[in-house]
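**Q** Below: sequence and its predicted model.
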Amino acid sequence: MEQLKVVGKSELRVDAKDKVSGKAIYPADIYMENMVYGYTVRSTMPHAEIAVDKKAAEAYPGVLAVFTAEDVTGLNHHGVVFKDHEVFCSKKVRRIGEPIAFVVAETMTAAKAAAKLVNVEYKELPAVFDPIEAMKEDAPKIHGDSNILYHYKLRKGSMDEAFSKCAVVVESTYETSMVDHAFLQPEAGVAYVEEDGTITLVVATQYPHYDREEVAEALGLPHDRIKILTAAVGGAFGGREDVTVQIHLTLAAMKLNRPIKTIYTREESFEAHSKRHPMKMKYKTGALADGTLYAMEAEIVGDSGAHASWALNVLRKAGVHATGPYTIPNVKVDSYAVYTNNPFTGAMRGFGAGQVPMAYEQQIDEIAKRLNMSPIEIRLKNCFKVGSETATGQVLEESVPLTETILKAAEAMNFEAKDQSSSRKKKGKGIASIFYGTGYGNGFPDVSNARAELKADGRIYVYAGATEVGQGAKTALSQIAAEAVGVQLDAIVFINEDTSKTPDSGTAAASRQTYNTGNGIKIACEQLRLEMLELAKEVLKLNTTVGLRINNGIVEVKSLPGRNISLEALYAEAAKRGKNLKIDRTFVAHSVRMDDETGQGAPYWPYTFAAFGVEVEVDTDTGKVDVLNAVCAQDVGKAVNPMLIEGQIEGGFAMGMSWTLYEDLGLQQGKIKNNNFSNYIIPTSLDMPEIKNIIVEAPESTAPFGAKGIGEPVMIPAMPAILNAINDAVGIRITKLPASPQEIVRLLKEKQA
Amino acid sequence: MHVEALKEKISFKLNGKEIEVEADPSMRLIDFLREVLGLTGTKEGCGEGECGACTVIIDGSTANSCLVLTSQIKGKELYTIEGLQKGEELHPIQQAFIDAGAVQCGFCTPGMVLSAKVLLDKQPEPAEGDIKRAISGNLCRCTGYKKIETAIKMASDYMKKDGAE
């Protein structure tokens, strides 16, 4: 195999120059002539029947329109799986923060003032905020007859007597918290009508093509009348998958025929987008005397809040990943998604696979302790290796470097060595290993379309609807394109911002863009290369394409470099022959739907593995936990761009640490109390530990140049590793997130008593 | 948001140039920069001085422009991200952010770069702790800060070399 020239190098980000110079355009940065402003009126009650009177608001000076449910021109709904969001609430509100009206005025000041005059009469309904309560038959119903919107069942081996054969069984319940993505750029957008009647919507989104479908259906418009331009996206992490501003803006632009803009405040952003599913997890794990994991039973209840969003997929992913990356012959898992009147939950980095390690990683450590084994030893004994079978019966045929990640993390942090602790501050070390299945999963068509085209300037234009959300998609996918065509990175022009030009490449989520769209781009570019060389052969009057290469924008005969044609000239030759050097290709990831009763199937591919180790210091007086060091060993398949991967790992660790120790929405009766950065705490530079990155490569044969996605797996091990380190330091087990100082002090007192 | 008020003439130095503009003195500085002067490189992430995305430099110190009123910049020297580069040539701090991989979504980047500039102007060779403290008022959700810290160290080296030439 020829050596890779572009893939594998820490190429500088293609979007960085605009971002460091302040020139990158985020949606809020767009100002247009004659522009008007919109402001959203939202519900203040978690569950109520409503009657809306907008007359006073409409009469306010400067107000152009007040849009409510009656003004929606198509179907008044949206939603990524179930259409259970209303564009504007018509009769009932199901959570605090649901949109009721969109007030449009000449200035934002006027829009906000008039919004206060939209009179919403609430007739309060009984509400439910605890998903366990919501599962009961007599609980208030959020939608339809039952609040249970999904139940995933996983059955492997037999549970009869499985635990009685175990030498040690640990059992506990765990509770993860509901948290916010807290991307730095609050939602914003601009919509306007073009001369030909096309309505253009500029937003920061993760999936422009799906947004277009949502807008089209809600407004009763054909797809081709809507164009979505993806502006620079100020972070996403799953929080920009469900629509927020999109339909409201498009409706207003269409009705008023004036450019319209909206910008959410931070407080509104907290109310507007999804959250991470909090999960209540009842776990029981048993092992034989030699440390072999033998049985696991888990019941997982995820709070979906008032809308389904991705709840089915998240709870399915939680269920499939419930065992952790370990071979366990007897498994019974039930996971449920349940409606409540809480803020709705949806996609967030980790997507269900991120919650369950709180349980399985603490239980495996607990088992090791009782069997007098080291946490490293028990993981190495049970972890997935090439040929292992997951609990769903899927055989991991290749690219399973979990053992290597565990060994490398343990070695780099000198895991067995114990540091001196003072009497008050105790140090401890913890490790966690995880797996993460890429993609939509469960047999759903996971499709990425891509186009590659040689243009007159001799450069390769790659079109894909894969959004750059900060993760580096534009750079990494350009590298894959450059490698596949055989040109330098600067010969690639990557276009992903405009739904009228780009094919649908699926969502920038599920850690799927590198693998899925990377594959689509690779096969399109490889075919383009073949056709380019074929034409060069003809023009250069050769008998074969063998021996041709592309070198610095020129196709030449390797052994006779004088015999050549530039890519510009090649384009001209193609044009002369009426030939387009334009290739469209589609990649569909493989995924086999699971059985409804047993959960057996091959839901995701590929799986990515990681093991992180951390050292913490716990102040036993105040309960404060400081993470001192972190070692992150991450399987990547093949590193497309090591520097981008390191950036993902460090950011992923920060997000995982933040979830574990700091973040708290202060949720009370469905109301988010901590809705800004003065009380919703995320880490600053001063909170971060030293981080050592270890990139582990084990190329995956179905992946583009072997590369797997890592956006989510890089955050997952942080939480359980910190929890295990806290246990190592002070002997307490965290069963409820966050591991706040108060919670630590409470548990320390409980332990002493 | 803002209620229209009487405008007055405000003169100050913006990105190295003396300017005088008619402005509403009670407008937030961030709105004045973005909406009146069209300098959209200054970002708003929280509107209450917690995230640092709207950082600007006023008389050599960082300030959250969402907490400053336009009247407060009279006679002052103000720098925004747009004032750092010379034509197409990036400031060494900007170049270092690119070279170190310190940019992801980019929304915190202008504020981070300006906080770094204030640090390096005062302390050309900062220690690690100085760097962490200098950017501790700027939140970033993407990077975990590591590559930003590396970039600032790198920028210190670039600026030393530039100075030596």
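**A** Arrived safely, thanks for sending.

**Q** Low-confidence bits of chain B, can you list those?
**A** Low-confidence segments of chain B, defined by pLDDT under 70: B:1-5, B:164-165.

**Q** all strands of it, in order?
**A** B:8-14, B:17-23, B:55-58, B:61-64, B:77-79 (DSSP state E).

**Q** chain center to the last one, what's the gap?
**A** Looking back up the chat, that one is strand B:77-79. Taking C-alpha atoms, centre = their mean, to the nearest Å, the mean C-alpha location of strand B:77-79 is offset from the chain mean by 9 Å.

**Q** tell me which element the one residue in chain A that gets nearest to chain B falls in.
**A** Going by C-beta to the nearest C-beta, chain B is nearest to A:Gly22 of chain A, at 2.1 Å. No exception for glycine: its C-beta is placed from N, CA and C like everyone else's. Under the criterion DSSP states H and E, no helix or strand holds A:Gly22.

**Q** Pretty sure it sits against B:Tyr79.
**A** No: judged on C-beta atoms under 8 Å, A:Gly22 makes no contact with B:Tyr79 at a distance of 11.4 Å.

**Q** quick revisit: quick one: pLDDT of the residue of chain A closest to chain B?
**A** pLDDT recorded at A:Gly22 is 98.

**Q** Pull the number of nearby residues for it.
**A** 24 (other C-beta atoms under 10 Å in any protein chain shown).

**Q** quick one, what contacts it?
**A** Going by C-beta atoms under 8 Å, 6 or more residues apart in numbering or on different chains, A:Gly22 touches B:39-42, B:80-82, B:110.

**Q** out of the residues you listed, who's near chain A?
**A** Contacts with chain A are made by B:39-42, B:80-82, B:110 out of the contacts of A:Gly22, judged by C-beta under 8 Å from any C-beta of the partner chain.

**Q** Of those residues, just say which sits nearest to A:Lys708.
**A** B:Pro110 (32.9 Å; C-beta to C-beta).

**Q** average model confidence for the one helix or strand A:Ala56 maps to?
**A** A:Ala56 is part of helix A:55-58, with elements assigned from DSSP H and E. Taken as a whole, helix A:55-58 carries a mean pLDDT of 98.

**Q** So what touches the helix or strand just after it?
**A** Remark: after helix A:55-58, the chain's next helix or strand is strand A:63-67, criterion DSSP H and E. The contact list for strand A:63-67 (C-beta under 8 Å, 6+ apart) reads A:36, A:54, A:57-58, A:71, A:88, A:101-106, A:110-111, A:114, A:118, A:248, A:251-252, A:255-256, A:258.

**Q** got it, and stretch A:125-139?
**A** A:46-49, A:92, A:140, A:142, A:147-148, A:280, A:301-304, A:336, A:338-342, A:667, A:669-670.

**Q** mind redoing it with 7 Å?
**A** Residues outside stretch A:125-139 that contact it (C-beta atoms under 7 Å, 6 or more residues apart in numbering or on different chains) are A:46-49, A:140, A:147-148, A:280, A:301, A:303, A:336, A:338-342, A:669-670.

**Q** how about that stretch: buried residues?
**A** Neighbour-count burial for stretch A:125-139, counted by 16 or more other C-beta atoms under 10 Å in any protein chain shown, picks out A:125, A:127-129, A:131, A:134-135, A:139.

**Q** what do you get for stretch B:123-139?
**A** For stretch B:123-139, by 16+ other C-beta under 10 Å, it's B:126, B:131-135, B:137-139.

**Q** okay, how far is it across it, tip to tip?
**A** 22 Å (C-alpha to C-alpha, to the nearest Å).

**Q** And stretch A:7-19, by the same measure?
**A** 23 Å.

**Q** quick one: average pLDDT of that stretch?
**A** 98.

**Q** before we move on, what about stretch A:461-472?
**A** Mean predicted confidence for stretch A:461-472 is 97.

**Q** in chain B, which spans are helices?
**A** Listed in chain order, the helices of chain B (DSSP state H) span B:29-31, B:92-99, B:109-122, B:128-134, B:146-164.
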